[in-house]
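1. requesting a structural model of the entry that follows:
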Amino acid sequence: MTDFTKIEKKAPGLVDLAKTAAHSLHTQGLDGLRAAVYLVLDRSMSMAKYYRDGSVQHLADQALGLSVNVDDDGVVPLVFFDSRSYPVVDIRLSSYTGVVAAQHRLHGGELTMGGTRYGGPMRLVTEHYLNSGTTDPALVIFQTDGQPQDQAAARAELISASQLPIFWSFIGYGNAPVPFLEQLDDLPGRDVDNASYLHVGPHPQALPARDLYDGITAQFAPWLTAARAAGITT
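-> So this is what the prediction gives:
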């Protein structure tokens, strides 16, 4: 059971999110789940407005709110990407406020926002997970607002990762769904279905947290069952 008193002492602003995430996990029969939560954030040029209005930091808060329910260390490894992927940094309960803006500035802010390539960050997350030493499965929240310029690489990474205890929850921003993410959601050739796609629209902060968490956990639960049956995770 999640210790909300401990969270309230360390990060009172996350208590409501943590409770909402706990309810979603309970609804999907995932009470007691242990998992390593990752967050991958798109910083391509079209994402500039979402950094300005706080939508990206809001998602980071939501990822941490989920993580505190399933991961004892209270840390979410974070990867930014555009035309390239950036080194992994940790979001922590003790230092999550403003972390997105700070890292965005560190990488050059809007002056250096590039294109959209999924392959690099997907590979970086996989390598980080394999080197982490954890035996818990990974739940990767992968946010983007557009199609990648390296579609073949993204498909190859997802197919390869289907042999590993890693689930990819793709979160789409923007007016219209991203067709390529819909393709990844149904991609053939994988050992198990290791991905989901939730389009949250042009105003991400307007989406209730319960809908985001339900969109993630509803697909994660059957993946976990299939991955256990296939011997991919315990």
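2. residue closest to the middle of the chain?
-> Closest residue to the average C-alpha location of the chain: I141 at 1.1 Å, with C-alpha atoms, centre = their mean.
3. adjacent strands (with direction) for the host helix or strand of that one?
-> Remark: I141 resides in strand 138-144, with elements defined by DSSP states H and E. Neighbouring strands of strand 138-144 in its sheet, by DSSP bridges, are strand 36-42 (parallel), strand 166-173 (parallel).
4. could I have the CA atoms of the last one written out in PDB?
-> As requested, the backbone C-alpha atoms of strand 166-173 are provided in PDB (Å, rounded to 0.1, in the frame of the first residue of the first chain):
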ATOM      1  CA  ILE A 166       9.400  -3.000 -21.200                       C
ATOM      2  CA  PHE A 167       6.000  -1.500 -22.000                       C
ATOM      3  CA  TRP A 168       5.700   1.700 -24.000                       C
ATOM      4  CA  SER A 169       2.800   4.100 -23.400                       C
ATOM      5  CA  PHE A 170       2.800   6.600 -26.200                       C
ATOM      6  CA  ILE A 171       1.100   9.900 -25.300                       C
ATOM      7  CA  GLY A 172       0.200  12.200 -28.200                       C
ATOM      8  CA  TYR A 173      -0.300  16.000 -28.000                       C
END
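5. got the angle for the longest helix anywhere in the chain vs strand 166-173?
-> When the chain is parsed with DSSP state H, its longest helix is helix 209-229. Orientation check (axes from the mean of the first three to the mean of the last three C-alpha atoms, to 10 degrees): helix 209-229 against strand 166-173 gives 150 degrees.
6. buried sites along the helix or strand bottoming out on mean pLDDT in the chain?
-> One helix or strand of the chain scores below all others by mean pLDDT, DSSP states H and E: helix 4-10, with a mean of 80. For helix 4-10, burial by neighbour count (16 or more other C-beta atoms under 10 Å) applies to 4, 7. In short, each C-beta sits where N, CA and C put it, glycine included.
7. could you pull out the strands in the protein for me?
-> 36-42, 75-81, 89-92, 138-144, 166-173, 195-201 (DSSP state E).
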